[in-house]
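>>> fold the stuff below for me.
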Amino acid sequence: MCVCYIISLIAYKILSVFPKNAWGILFALLFTSGLLSSILSNTTTTLLLLPIALFLSEMPKLKLRFALAIAYGASVGGILTPIGTPPNLILLGFLSEHGIAPIPFIQWVAMVSPLVLMMLLVVGVLLGFGIRGIKIEPVLETTGLTKEQKKVLAVLFGVMGLLFANAPIQPYYPGLGFSETGILLGAGLLLFAPPFGILDWMEDKDKIPFRIMMLFGAGFAIAQGFSVTGLAQVVADGLTSLSALPLLLFILLIATVVTFSTEITSNTALISIMLPVLLLISQQTQMDARLIMMVATVCSSFAFMLPIATPPNAIVMSSGTVTIKAMALYGLVLNIVGILVIVLVSRFVWAETL
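A predicted model of the protein is given here:
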């Protein structure tokens with residue numbers, strides 16, 4: 001009950017700041033997830049916020065929407081900064097490797113902020129439909145913290161502080177350079193080891209969501225099959241032959257292909273395949289290489305439909321509160337909206353900025 005109590009206490013702090021109804025809490029979780037994911041990994045963000053969301057209500061309908069808000073917020077927020085998600089870093093490295101002017105950190109944030117804000121609002125409105133009047137009732141009474149609860153709280157805030165300090169902000173701050181995986185693993189082990197001793201391996205190991213590992217394994221297998229069978233090359237050849245399309249239609253094509261392809265394959269693998277193809281197309285035409293590669297990079301994070309598409313999707317699915325049908329239905333709508341929004345923003349805003 002120690003960990004549960006800490007999570008519930010944090011949930012109450014959120015409730016004290018935002019409106020005490022389902023609509024307000026959903027937006028609170030959504031925007032918190034988006035902002036955290038812009039400087040931390042989306043996996044870390046989801047793991048930190050999901051337990052809080054699940055303790056805010058006992059209603060299955062609200063648990064589902066709160067969980068999806070965290071997963072989708074983490075995916076959208078990851079595109080806000082160049083360090084928010086691996087595809088962003090791959091793009092910057094690719095630009096540097098081929099002698100193309102990089103996109104400065106501040107310029108990236110300025111360009112992407114309107115897109116992120118619009119997508120977060122769309123996600124909030126979609127998930128919040130029909131729940132605005134529902135009040136959030138406390139699920140656990142809070143009194144004073146025990147010694148064990150203070151230990152858990154110390155580990156939690158220690159990990160969050162270390163993750164923030166570890167995140168680089170180029171070129172101003174290089175970060176600590178620690179492995180984020182190592183930080184999280186070390187924090188987990190602390191709960192088993194003295195002087196904490198909060199968890200007992202024999203009793204608590206069965207609660208570890210091993211299904212996440214299976215979902216990741218399936219995603220990696222699909223990504224490998226995508227390359228080994230030559231399907232990736234077929235896609236590349238098809239895109240090259242369509243490079244004569246008007247810029248607006250070509251951007252729409254790229255956004256659609258990448259958005260739906262990233263549902264069934266790794267976004268890092270996909271963007272690694274797409275960037276060389278798009279560079280070749282830009283060299284053969286008058287298209288701006290940075291523009292079309294930026295579109296593909298951002299769309300590689302717009303994977304809202306399937307559990308294997310992103311770590312946040314897999315994590316919330318493993319919680320047992322989200323069904324594949326619900327994720328697919330909400331995700332399909334968000335995929336379509338995301339494609340339309342990024343096409344308009346990239347064509348009429350980014351094209352003038354880059």
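>>> what about V159, neighbour count?
18 (other C-beta atoms under 10 Å). Yep, even glycine has a C-beta here, placed from its N, CA and C like the rest.
>>> three-state assignment of it?
Secondary structure for V159, judged by DSSP: H, G, I helix; E, B strand; the rest coil, is helix.
>>> tell me how far it lies from M305.
31 Å (C-beta to C-beta, to the nearest Å).
>>> try L156
32 Å.
>>> quick one: the residue most central in space within the chain and T32, what's the gap?
What sits nearest the mean C-alpha location of the chain, by C-alpha atoms, centre = their mean, is S75, with 2.4 Å. Noted for S75: a distance of 14 Å to T32, by C-beta to C-beta.
>>> does L127 touch M327 like I think?
No - counting by C-beta atoms under 8 Å, L127 stays clear of M327, with 11.3 Å between them.
>>> now do the shared contacts for these two.
Both L127 and M327 are contacted by L68, under the criterion C-beta atoms under 8 Å, 6 or more residues apart in numbering.
>>> so how far is L247 from the residue lying closest to L242 once chain neighbours are set aside?
With C-beta to C-beta, 6 or more residues apart in numbering as the criterion, L242 has its nearest non-adjacent residue at 6.3 Å, and that residue is L253. L253 is 11 Å from L247, where distance means C-beta to C-beta.
>>> can you check I315 too?
Plainly put, I315 is 37 Å away from L247 if you go by C-beta to C-beta.
>>> tell me, how many residues neighbour Q107?
13.
>>> over to L344?
L344 has 15 nearby residues by other C-beta under 10 Å.
>>> and if you look at C299?
Look at C299: counted by other C-beta under 10 Å, it has 31 neighbours.
>>> picking that back up, next up, the contacts around the residue nearest to the centre of the chain.
Neighbours of S75 in contact, by C-beta under 8 Å, 6+ apart: S37, N42, S301, F302, A303, F304, T310, P312, N313.
>>> in what helix or strand does K150 lie?
Element membership for K150 (DSSP states H and E) is helix 147-166.
>>> against which helices or strands is the next helix or strand after that helix packed?
Scanning forward in sequence from helix 147-166 by DSSP H and E, the next helix or strand is helix 180-190. Judged by 3 or more C-beta pairs under 8 Å, 6 or more residues apart in numbering; DSSP states H and E, helix 180-190 is in contact with helix 42-54, helix 147-166.
>>> so helix 180-190 versus helix 147-166, what angle?
Put simply, helix 180-190 runs at 170 degrees to helix 147-166, going by axes from the mean of the first three to the mean of the last three C-alpha atoms, to 10 degrees.
>>> can you flag which of the contacts of S75 belong to helices?
Judged by DSSP state H, the contacts of S75 include S37, N42, P312, N313 as members of helices.
>>> how many other residues sit next to the closest residue to T43 other than its chain neighbours?
Nearest in space to T43, with sequence neighbours left out and distances taken as C-beta to C-beta, 6+ apart, is P311 at 4.2 Å. Burial of P311 is recorded as 23 neighbouring residues (other C-beta under 10 Å).
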